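> Coordinates only, no sequence provided:
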C-alpha cells in the first residue's frame, strides 16, 4: 500500500462554545476536562484552574485571535513561572489554536500538556441511546463492527513512558496507560493498561506527517507465555491479562538500524483517544 496520512480534521462545530460568555466557557471547560476553576497567579502569570494539583491555563481565544500555542508562547510562559510548578502544566485551547502534533512539550523537566477543545456538538440521532465506541485490542477483532450510535469527547489518555537506547535496539517501555474515561460502559473501573487498544509507530518521522510503519495491538504486548494463544482470546481475557501487568511495564523493542533520526509513537485507547510522542533518536544516541 502507498503511504497515507491520517489527521484530525476540524469537521465539527464549535459555534455554541465560542458564543458562550467567558465564565460560561470556563465552566464548559471544567466539565469537559475535570478542572477545578479557580483564578490564581504564579510570579504574575495568571492561571485559571487546577487539574489534580497541577495548574491550568485556559487560552483566551477571544483576546488573541491571531495567536496560537507554539514554542514561542510556551517559552515565554516558562520564563515567568520557571521552577514554581512541579512537573507539569495544562493548557486548554481550541484544537486549531495548538501548533503541536504531540500532546505535550517539555522545557527544563516541566511538561506542558495540551487539552484541545473538540469541535463537536452532539446531536441526537434517531432516538437511539449513545454508547462509547470501542477500538480493537487484537488484530482478529480489527474488522468487527459495533452496531451502536456512539460519541465521546477527545480526551488524551494518561501515558508514562521511558526510552532505552542500546547499540542495537531502541526499547519503548510503557509504564502507565490510563484512559481519561475511568470506567467502562458497565461502570467497572479501568485499571492500568486495561484500556490500551494499540500503539502505532512511524520509524522515520519527517516532522510533517505520520506514516505508519508498525502497529502493536494491546494483545501483541502481552508476554508470549501468558494465557491462551492469541486467536483463542476474547476481549475480556485480553483485558484481564493487560490488567495483570500493572506492576511491570509493556515493552516494544525496535532495531535501531530501521530507525531514522526521529521516532513518532501514537498510543490509542479503546475509545479512540490518542496520546502522541516524538523521540529524537539521533540526539538521544549522542
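Nice, I can see it. Only a predicted model underlies this, so the values are computations on that prediction, with no experimental measurement involved.

> Pairing partners for the closest residue to residue 57 other than its chain neighbours in the sheet, please.
Leaving aside its chain neighbours, residue 57 sits nearest to residue 91 (4.9 Å; criterion: CB to CB, 6 or more residues apart in numbering). No exception for glycine: its C-beta is placed from N, CA and C like everyone else's. Beta-bridge pairing of residue 91 under DSSP bridges involves residue 57, residue 114.

> Residue 91 is in contact with residue 115, isn't it?
Yes. Between residue 91 and residue 115 there is a contact at 6.9 Å, judged by CB atoms under 8 Å.

> Now list whatever residues contact both of those two.
Shared contacts of residue 91 and residue 115 (CB atoms under 8 Å, 6 or more residues apart in numbering): residue 56.

> so where is the stretch 151-286 of the chain shaky, pLDDT-wise?
Along the stretch 151-286 of the chain, segments meeting pLDDT under 70 span 151-154, 182-187, 224-232, 246, 283-286.

> 80 instead, please
151-155, 180-190, 223-236, 243, 245-247, 282-286 (pLDDT under 80).

> biggest strand in this structure by residues?
Ranked by residue count under DSSP state E, the longest strand found in the chain is strand 169-178.

> which other helices and strands contact it?
Identification of packing neighbours for strand 169-178 by 3 or more CB pairs under 8 Å, 6 or more residues apart in numbering; DSSP states H and E yields strand 158-165, strand 196-202, strand 250-255, strand 262-269.

> between the last one and strand 169-178, how big is the angle?
Yep, that's strand 262-269 we're talking about. Counting by axes from the mean of the first three to the mean of the last three CA atoms, to 10 degrees, strand 262-269 lies at 30 degrees to strand 169-178.

> what lines up beside the following helix or strand past strand 262-269 in the sheet?
The element immediately downstream of strand 262-269 (helix or strand, assigned by DSSP states H and E) is strand 274-280. Sheet pairing for strand 274-280, assigned by DSSP bridges, gives strand 262-269 (antiparallel).

> Quick one: residues in contact with the partner strand.
Outside strand 262-269, the residues that reach it (CB under 8 Å, 6+ apart) are 101, 135, 157, 159, 161, 170, 172, 174, 177, 179, 181, 195-207, 210, 254, 274-282.

> quick one: the strands in the stretch 101-250 of the chain?
With DSSP state E, counting those that start in this stretch as the criterion, the stretch 101-250 of the chain has strands at 104-107, 110-117, 130-131, 149-150, 158-165, 169-178, 196-202, 214-217, 250-255.

> So which of the ones you listed is the most surrounded?
Counting by mean count of other CB atoms under 10 Å, strand 196-202 has the highest mean neighbour count of the strands of the stretch 101-250 of the chain, with a mean of 23.

> Just give the strands next to that one in its sheet, each with its orientation.
By DSSP bridges, strand 196-202 pairs with strand 214-217 (antiparallel), strand 262-269 (antiparallel).

> nearest to residue 45, of those strands?
When those are compared by CB to CB, strand 262-269 sits nearest residue 45, at 30.7 Å.

> Could you figure out how far the closest one is turned away from strand 158-165?
If you take the same axes, to 10 degrees, strand 262-269 sits at 150 degrees to strand 158-165.

> what's the angle from strand 262-269 to strand 250-255?
Inter-element angle recorded for strand 262-269 and strand 250-255: 150 degrees (by the same axes, to 10 degrees).

> Quick check: residue 176 touching residue 192?
Yes. Residue 176 is within contact range of residue 192, at 5.9 Å (criterion: CB under 8 Å).

> OK, contacts around residue 70?
99, 100.
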